[in-house]
Every structure is written in structure tokens, then in C-alpha cells.
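*Asks:* Give me a model of this one.
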Amino acid sequence: MKIIVGLGNPGEKYSKTRHNVGWLFIDYLSKIYGVDVSKNNCDALTGETKINGEKIIFAKPTTFMNLSGNSVVKLKNWYKLEDEDILVIFDDIDIPFGTLRYREKGSGGSHNGMKNIVQMLSSQNMPRIRIGLGGLKHEKQDMADFVLQRFKKDELEKVDEVFYEASKIVEEFINKKD
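*Replies:* Numbers count the residues shown, from 1 in each chain. Modelled structure (predicted):
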């Protein structure tokens, strides 16, 4: 069993913002795999399916970004999983827009949601996909204002391309045998 966790903030106010790219990616995956991600479980919206015989949980923590670790700990304990079975997807201002980075483990970097997950799990062993937002912010623009803005139409087209690449990583993660 594995969990795919997309970080974001709950509520219509945040629904299509740059900071919610993790939630948007879970929505993208849910369409591909035909999964309804609406069950309230472990402070997250969840949905489950089987892919190649493996039970897969899609999750969108509803604890707000900076407290994502609370939900991830509950999900890990509820499903009795190892850290390596939890793939986290989130936005990253430190890498160029339209790119992604996959890492098997590491620190939370500058992302408060991922920092909270690392802290709450007392581990850096969760694989993660970071989706780049770098280069879009104006020099004098406030960081919070920037990440809480909605994507522009042309940006969404590029996001779809990145989601396609990220979905290939998800397939590899799902098919990886211990």
C-alpha cells in the first residue's frame, strides 16, 4: 500500500492558487485513475484505488499547509505504512517554473508544509515531487501574496505539462517493489 499526498490549503479561496499545486496534482491523478477524493479521513480528503494490484490512497490534507504533518502522521499510522511509502507533492519557489524535482528523501527545504511533515514524522525518508514556481514572482512582490494568487491561463498550460511528467514518477513509485 502507498499514499500519494498533495499539499495545499482547504477552501474555495485557495482552490486554484499556486500554493495548492499539490492538491491540483491529486485532482489530476484522480481523473486519470477514476478516484473520488472526497472521503474525510485523518484530517484529509482521501480516495483509494488499486493499481497493478497495489492499494493506493490519494490524500489532500485539510489542516492548512503549515500543519500538513498532522494529517500525514495520522494517515501513516492509520494505514500502518513506512515513511518510504508516502509520496508528497508540493510547490517550490526555489526551482524554475515548469520544472519538477524528485527526491527519495531530504529535508523540508524552504517549504513550511514539508518542514512540518519532516518534523512531525521525525524523518526525512519520504519521497517527494517538488513542482517549480520559481521565476514568476516579481522582485518586490510579497511571497505569501504570490503563492496565494491563482495561476494565469498560460501558466496552467505549462502546469499540465509538468503534471504529465510527475504522473510518470508516480507510476514508477507505485510500481516500485520493496
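
*Asks:* average pLDDT for the helix ranked longest in the chain?
*Replies:* Across the chain, the helix with the greatest residue count (assigned by DSSP state H) is helix 153-175. If you average the pLDDT over helix 153-175, you get 93.

*Asks:* That one packs against which elements?
*Replies:* Using 3 or more C-beta pairs under 8 Å, 6 or more residues apart in numbering; DSSP states H and E as the contact criterion, the elements in contact with helix 153-175 are strand 2-6, helix 21-33, strand 54-61, strand 86-96, strand 100-103, strand 128-134. In short, each C-beta sits where N, CA and C put it, glycine included.

*Asks:* So which of the ones you listed is the most surrounded?
*Replies:* strand 2-6 (a mean of 25; mean count of other C-beta atoms under 10 Å).

*Asks:* chain center to that one: distance?
*Replies:* Taking the mean C-alpha point of strand 2-6 and that of its whole chain, the gap between them comes to 7 Å (C-alpha atoms, centre = their mean, to the nearest Å).

*Asks:* Kindly tell me how buried residue 116 is, as a neighbour count.
*Replies:* Other residues within reach of residue 116, judged by other C-beta atoms under 10 Å, total 24.

*Asks:* With the flanking residues excluded, which residue is spatially nearest to it?
*Replies:* Beyond its immediate neighbours in the sequence, the residue positioned closest to residue 116 (C-beta to C-beta, 6 or more residues apart in numbering) is residue 69, lying 3.9 Å away.
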